[in-house]
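Trainee: after the sequence you'll find the predicted model.
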Amino acid sequence: MSDRRGRSTSLTARGEPFQWLLGGALGLALAMIVGLLMLVLWQGSNAFWPRPLELIELRDGTRLLGIEVRREPMPGGEGMRRLLRVGNFDLYGEDFRWIAEEAIASTRFPADAWMVERMEWGPFIGFLIGLERDGTLAETDGDALAEAHREARRRLREIRRIERSEIGAINHELERLRLALRRSELRHGVDSLAHRAEEARIASESARLEERFAEWLRKAKALRESDSRERVVLADVVGRRISLPLSQVVRFVRPNDLSLAGKLEVYLDRWWEFLSADPREANSEGGVFPAIFGTAVMTILLAVLVAPFGVVTALYLREYARQGRMVSLVRISVNNLAGVPSIVYGVFGLGFFAYLVGGTIDAWFFPERLPSPTFGSGGLLWASLTLALLTVPVVIVATEEALAAVPRSMREGSLACGASKWQTIRNIVLPRAMPGILTGLILAMARGAGEVAPLMLVGVVKLAPELPIDGNFPYLHLDRSFMHLGFHIFDLGFQSRNSEAAKPMVFVTALLLLAFVFAINLVAILVRARMKRRFAGSRF
Amino acid sequence: MNALASNASVSTAYHPRQGGHGQVLRIENFSLWYGSQQALYEVSLDIERGLVTALIGPSGCGKSTLLRSLNRMNDLVDGVRTSGRILFDGRDIHAPGTDVIELRKRMGMVFQKPNPFPMSIFDNVCYALRVDGVRKRAVLEEVVEKSLRAAALWDEVKDRLEDNALALSGGQQQRLCIARAIANEPEVLLMDEPCSALDPIATAKIEELIDRLAGRFTIVIVTHNMQQAARVSHNTAFMYLGRLIEYGDTETVFTVPRVEQTQEYITGRFG
Ligand SMILES: Nc1ncnc2c1ncn2[C@@H]1O[C@H](COP(=O)(O)OP(=O)(O)OP(=O)(O)O)[C@@H](O)[C@H]1O
Ligand SMILES: [Mg+2]
């Protein structure tokens, strides 16, 4: 008794050091997560803010106009250097220039410097000379330019509409006829009478279509020609002139002359373009709408596919299968499935779904399109199925837990009322387990939405010519390849010609993807909370 | 079989009151094992149609097990084995080809702890009818009112039938469960300590209810409350360690029991 009091408590018996250790670890983990989020948030939300154009005169008389991207110490030497985005890729063959600071004679921010965002060649940075209509050059001011620009953009939209909807639809029809012809050839044989008749019918129909096609084409061409007669003339900092059709300009910005409100307007306008427009310039400019759309459609399809699989499997495992070694084995396998690297799923999806299943489908149902594959290569359906496979463990585990959490007394109450097992499951167990099941499902969606590696193999492409849903029958095109935000990030950051120019887009897209996944998770939390409240009642 | 025979050395003191309508349930030499542990030993018991039969005995003696055997609720428990027979209307409920669902429809059950479903009061009461395929709103409404009135709950909930049943108090929940159990007009009502979670007023209401239901239904009730057993039942079965010790008309069991163990339990000297 007496010597026990004298002994000091050993380190392991005292909790504090471990508490500090654990707290420290937690702090570190949090710091890393917050750091990552802050970086993406800061860079992403900054990317579209209009930045001043700097006119730099070097000691040797060279003049440069551009946006300062960053400043860093000279490699190996003293002093600093700056990276200047000078734009005008068509004139200079490069977008960026390094400038040693000691070579700079003077800098200023001319109010009349323009940043002209174009459909091609990236931004033009320089000065506005005037508008050229039918070969005559006239000076212009900001308002007149804006007015003319709006009009030109409207014209371009109309041309686009014609090219896409009208000509696209005729193209679609022609393709359909070509396939019908091929089908009849496969069915009846090349020299059979039936095929001849079909051939004649199709020929007359396609002739009619071709005529309409040519007509629209003429119309579009005429419009384009008249459109290109209105040109804007620009000059770079040393006075080299270029001219381009006014409609090819996305946006005129005079950043040095903008008020805060004006800057905000440009900022929001750029965001809107980003969210709603198609990408340009190898994805490094323009919008990401097809990628947003593709990601959303794929995620929804994934949920539609994974929900029945996962829930039915879990129901069987938990409610019907005899609990024994076999079921335990299946359970362990399912849990391990969640740990398989996702690229492995991609390889499986490509080999099994696309090549084997898809190839068979093509051979049976679409022989007329061969050798070009329909379902025999990656596409929306295979990508969603692959991701469904990848995320099904999440759903199974969540559903099983939710089912196990349904109190036994509920089931007994239902059975004692004379309900069958299935009625009990449907009326009592499933509704009760629904919050858990839905949470699992939404978490699976979040996981699937952020996945990239397997998608690269089974249907995601850098640039998809068409959206997976459009106005042509059957509206939802499961066989089409599509764009995806995650892959878009990868493509921008590591595959683009000009990674420096694409960098802001990488961050913005990452921000968007994070927001997407975050929103899905938020929905999961809300659903859970809502449904929990429904089941929580007072007891006694 | 030999081991079984040696366990069956109890002989039950047997003097039940006859209801005049014959037996609705006959339990013959019924034994039950949870895995390797035996919970019931050769229980034989006839339950008279239209009467209230009380099952009493110390905790763990197998009352719930016996009650749950009557509508085959123990099927849900893994590793349960039985021997002997239980006849319901003369037919063996364990015979192959027995429709368990039909059996349970004919026997309502009220559990020890109230277990309303997480749905509206209305849906709770007509659950048995709904799973039976009744869809007509008028029929359902009538049954709900009748059952809730019978369970002495109507006045308290008639204005909030669409509220979630989980929002009711414990006693109300238990009466709701009774209403649910009698909604489909079962022949037998099995009640496992229906009043253990209730206050005296709610208990009185339920006892009154049992009084009123007796005659229309056959009721088997498990209770730890001696006064309650004495008040509501016609016959009482006393069980001890999985065996049926005495089964007789309630008055005799409570005043001049034939077996000393019964006497000791009733007077509170053990259990
Ligand atoms: N699901 C089960 N699995 C294994 N043993 C069980 C199970 N249910 C009951 N038992 C055992 O069977 C015996 C009888 O239990 P039972 O629940 O029938 O007692 P009871 O008389 O209802 O007791 P109480 O008055 O406390 O409710 C007990 O020894 C108990 O441990
Ligand atoms: Mg019990």
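Mentor: Thanks, I have it. Ligands and ions are numbered 1, 2, ... in the order given.

Trainee: can we go C-alpha only for contacts and neighbour counts from here?
Mentor: Noted.

Trainee: report the distance from stretch B:239-252 to the chain centre.
Mentor: 16 Å (CA atoms, centre = their mean, to the nearest Å).

Trainee: same question, stretch B:174-187
Mentor: Centre to centre, stretch against its chain (CA atoms, centre = their mean), the figure for stretch B:174-187 is 12 Å.

Trainee: just stretch A:349-365 next, same as before
Mentor: With CA atoms, centre = their mean, you get 26 Å for stretch A:349-365.

Trainee: got a pLDDT number for A:Trp114?
Mentor: In this prediction, A:Trp114 carries a pLDDT score of 91.

Trainee: A:Ser106: what secondary structure?
Mentor: Under DSSP: H, G, I helix; E, B strand; the rest coil, the three-state class of A:Ser106 is strand.

Trainee: and it, what does it touch?
Mentor: A:Ile56, A:Glu57, A:Leu58 (CA atoms under 8 Å, 6 or more residues apart in numbering or on different chains).

Trainee: sec struct for the second one, please.
Mentor: Right, the one you point to is A:Glu57. Applying three-state DSSP: A:Glu57 is strand.

Trainee: can you tell me the element B:Gly248 falls in?
Mentor: For B:Gly248, the host element (DSSP states H and E) is strand B:243-249.

Trainee: go on, A:Leu84?
Mentor: Per DSSP H and E, A:Leu84 falls inside strand A:80-85.

Trainee: which strands and helices sit next to that strand?
Mentor: strand A:63-73, strand A:96-100 (3 or more CA pairs under 8 Å, 6 or more residues apart in numbering or on different chains; DSSP states H and E).

Trainee: how about the nearest residue to the residue nearest the centre of chain A, chain neighbours excluded?
Mentor: Centroid-nearest residue in chain A: A:Leu485, 2.3 Å away (criterion: CA atoms, centre = their mean). Nearest non-adjacent residue to A:Leu485, counting by CA to CA, 6 or more residues apart in numbering or on different chains: A:Ala291, 5.1 Å away.

Trainee: again with A:Val238
Mentor: That would be A:Arg63: by CA to CA, 6+ apart, it lies 6.9 Å from A:Val238.

Trainee: OK, contacts around the one you found?
Mentor: A:Leu55, A:Ile56, A:Glu57, A:Val237, A:Val238.

Trainee: so how far is chain B from it?
Mentor: A:Arg63 sits at a distance of 77 Å from chain B (criterion: CA to the nearest CA, to the nearest Å).

Trainee: how about A:Ala214?
Mentor: Applying CA to the nearest CA, the value for A:Ala214 to chain B is 63 Å.

Trainee: so how far is the helix or strand hosting that residue off the chain centroid?
Mentor: A:Ala214 belongs to helix A:193-228 when assigned by DSSP H and E. What separates the centre of helix A:193-228 from the centre of its chain is 35 Å, taken as CA atoms, centre = their mean.

Trainee: give the buried residues for that helix.
Mentor: If you call a residue buried by 16 or more other CA atoms under 10 Å in any protein chain shown, then helix A:193-228 has these buried ones: A:195-196, A:199, A:202, A:206, A:209, A:213, A:216-217, A:220, A:224, A:227-228.

Trainee: nearest spatial neighbour of B:Asn235, skipping sequence neighbours?
Mentor: Leaving aside its sequence neighbours, B:Asn235 sits nearest to B:Asp249 (CA to CA, 6+ apart; 4.2 Å).

Trainee: and stretch A:499-513, how far out from the chain's middle?
Mentor: 11 Å.

Trainee: contacts for that stretch?
Mentor: Residues outside stretch A:499-513 that contact it (CA under 8 Å, 6+ apart): A:40-41, A:43-45, A:47, A:95, A:284-285, A:288, A:450, A:485-486, A:488-489, A:492-493, A:496.

Trainee: how about the strands in chain A?
Mentor: Taking DSSP state E, the strands of chain A run over residues A:54-58, A:63-73, A:80-85, A:96-100, A:104-108, A:114-118, A:124-133, A:136-138, A:230-235, A:241-245, A:249-253, A:279-280, A:285-286.

Trainee: could I get these as JSON lines with distance to ligand 1?
Mentor: Output for these, formatted as JSON lines (distance: least, CA to the nearest ligand atom, whole Å):
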{"stretch": "strand A:54-58", "distance to ligand 1": "82"}
{"stretch": "strand A:63-73", "distance to ligand 1": "72"}
{"stretch": "strand A:80-85", "distance to ligand 1": "76"}
{"stretch": "strand A:96-100", "distance to ligand 1": "77"}
{"stretch": "strand A:104-108", "distance to ligand 1": "86"}
{"stretch": "strand A:114-118", "distance to ligand 1": "75"}
{"stretch": "strand A:124-133", "distance to ligand 1": "80"}
{"stretch": "strand A:136-138", "distance to ligand 1": "95"}
{"stretch": "strand A:230-235", "distance to ligand 1": "86"}
{"stretch": "strand A:241-245", "distance to ligand 1": "83"}
{"stretch": "strand A:249-253", "distance to ligand 1": "74"}
{"stretch": "strand A:279-280", "distance to ligand 1": "64"}
{"stretch": "strand A:285-286", "distance to ligand 1": "66"}
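
Trainee: which one, of those strands, ends up nearest to B:Val256?
Mentor: Distance to B:Val256, taken as CA to CA, is lowest for strand A:279-280 among these, at 95.8 Å.

Trainee: before we move on, the earlier item: any idea how far the residue nearest to A:Val238 is from A:Met505?
Mentor: 28 Å (CA to CA, to the nearest Å).

Trainee: next: A:Val233.
Mentor: 28 Å.

Trainee: so what's the residue nearest to A:Leu177 when sequence neighbours are not counted scoring on pLDDT?
Mentor: Leaving aside its chain neighbours, A:Leu177 sits nearest to A:Ile202 (6.4 Å; criterion: CA to CA, 6+ apart). With respect to pLDDT, A:Ile202 has a value of 84.

Trainee: can you check the pLDDT for the closest residue to ligand 1 within chain A?
Mentor: Proximity of chain A to ligand 1 (CA to the nearest ligand atom) peaks at A:Arg408, 11.2 Å away. The model reports A:Arg408 with a pLDDT of 89.
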